[in-house]
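Enquirer: pasting the structure only:
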């Protein structure tokens with residue numbers, strides 16, 4: 001029985017009394033039996049725990065864990081220690097998923113004889129009114145070692161850096177843990193598992209719903225660590241790209257694309273509305289970023305036009 005579960009869903013929860021119940025009920029309404037939900041109350045000071053307790057009493061597949069506030073990385077690591085599923089999915093308490101998520105992922109894994117170590121799907125992005133603003137999807141692909149083409153598709157469709165659109169085999173995760181970072185902990189975890197060269201498959205469906213940044217969101221605030229984190233990840237990114245590239249030219253092309261994406265993320269962070277940096281400081285940081293992730297001006301222009 002212990003190893004019979006298909007998937008463990010790990011959800012950190014911090015002061016999310018208004019959203020955690022919706023996500024849990026959505027998951028429980030899925031027509032798929034073989035899953036568990038592990039909710040880690042990360043020191044909430046609102047009524048989050050009351051909501052979790054009420055739902056865990058109602059449903060038999062919810063594990064509720066409480067800890068002092070230590071951040072999302074610690075909460076996910078706590079959840080991993082208790083996970084029993086063959087696969088693991090990390091969700092955020094304030095987002096939502098398709099009603100077919102678990103059954104579609106299961107069918108994909110079954111089709112690949114459960115050899116897939118990483119299953120990746122698309123997402124739809126909604127505004128605060130629930131309106132779909134954009135959709136990020138990738139073509140259907142069967143299980144194979146991660147290729148340069150697959151990496152580029154994830155990068156181009158904004159599906160590379162997050163874990164909420166990825167189901168990972170627990171044996172692939174192994175001893176990997178989420179690092180305690182002020183920003184980019186998902187991307188670091190993605191890099192750590194991609195470096196293992198996992199057997200990867202794509203699902204050509206949007207199974208996750210992401211609510212775009214709301215006013216007051218932490219993602220609207222300038223984070224001074226973003227550039228440093230990208231610089232620290234630079235060597236690892238190069239190793240991964242080198243391993244999956246079939247030629248030096250292909251490797252350089254992907255690196256150039258990744259540099260453009262990285263510069264875009266750094267620039268977005270620098271010019272956040274909720275930033276008290278002076279124009280001189282903003283220019284200096286952007287200049288430092290360009291020195292680290294330099295790419296050709298014509299390619300940047302083509303990227304913007306595209």
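Expert: Happy to help now that I have it. The shown structure was predicted, so the numbers you read here are calculated from the model rather than taken from an experiment.
Enquirer: in the stretch 201-306 of the chain, what spans have low per-residue confidence?
Expert: Regions of the stretch 201-306 of the chain meeting the criterion pLDDT under 70 cover residues 213-220, 274, 295-306.
Enquirer: what about the strands in it?
Expert: Listed from the start of the chain, the stretch 201-306 of the chain has no strands (DSSP state E, counting those that start in this stretch) to report.
Enquirer: what about the helices in it?
Expert: Along the stretch 201-306 of the chain, the stretches classed as helices by DSSP state H, counting those that start in this stretch are 226-244, 248-270, 279-292, 297-305.
Enquirer: CSV for those helices, including mean neighbour count and distance to residue 142?
Expert: Using the backbone N, CA and C atoms, a C-beta is placed for each residue, glycine as well. Listed next are these as CSV, based on neighbours: other Cβ atoms under 10 Å; distance: least, Cβ to Cβ, whole Å:
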stretch, mean neighbour count, distance to residue 142
helix 226-244, 17, 17
helix 248-270, 17, 22
helix 279-292, 13, 37
helix 297-305, 11, 30
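Enquirer: just put those in CSV and tack on distance to residue 114.
Expert: Rendered in CSV, the data for the helices of the stretch 201-306 of the chain read as follows (distance: least, Cβ to Cβ, whole Å):
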stretch, distance to residue 114
helix 226-244, 23
helix 248-270, 30
helix 279-292, 41
helix 297-305, 38
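Enquirer: among these, which comes closest to residue 27?
Expert: Judged by Cβ to Cβ, the one of those that comes nearest to residue 27 is helix 248-270, at 30.0 Å.
Enquirer: other SSEs contacting the closest one?
Expert: Secondary structure elements in contact with helix 248-270, counted by 3 or more Cβ pairs under 8 Å, 6 or more residues apart in numbering; DSSP states H and E, are helix 148-156, helix 226-244, helix 279-292, helix 297-305.
Enquirer: mind putting those in CSV, distance to residue 162 included?
Expert: Conversion of the helices and strands packed on helix 248-270 to CSV gives the following (distance: least, Cβ to Cβ, whole Å):
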stretch, distance to residue 162
helix 148-156, 10
helix 226-244, 15
helix 279-292, 21
helix 297-305, 20
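Enquirer: wait, which of those helices is closest to residue 44?
Expert: With distances scored as Cβ to Cβ, the stretch of the helices and strands packed on helix 248-270 nearest to residue 44 is helix 226-244 (26.4 Å).
Enquirer: hmm, who's touching the closest one?
Expert: Judged by Cβ atoms under 8 Å, 6 or more residues apart in numbering, the contacts made with helix 226-244 from elsewhere in the structure are 145-148, 150-151, 181, 183-184, 187-188, 191, 194-195, 197, 251, 254-255, 258, 262, 265-266, 269, 285, 288-289, 292-293.
Enquirer: distance from the chain centre to it, please.
Expert: On the basis of Cα atoms, centre = their mean, to the nearest Å, helix 226-244 sits 17 Å off its chain's mean C-alpha point.
Enquirer: same thing with stretch 193-211?
Expert: Centroid separation between stretch 193-211 and its chain, computed with Cα atoms, centre = their mean, is 9 Å.
Enquirer: stretch 88-95 now?
Expert: When C-alpha coordinates are averaged (Cα atoms, centre = their mean), stretch 88-95 and its chain have centres 9 Å apart.
Enquirer: what's the answer for stretch 270-289, then?
Expert: Distance of stretch 270-289 from its chain centroid, counting by Cα atoms, centre = their mean, is 26 Å.
Enquirer: what comes into contact with it?
Expert: When contacts are taken as Cβ under 8 Å, 6+ apart, the neighbours of stretch 270-289 outside the stretch itself are 220-222, 227, 230, 262-263, 266-267.
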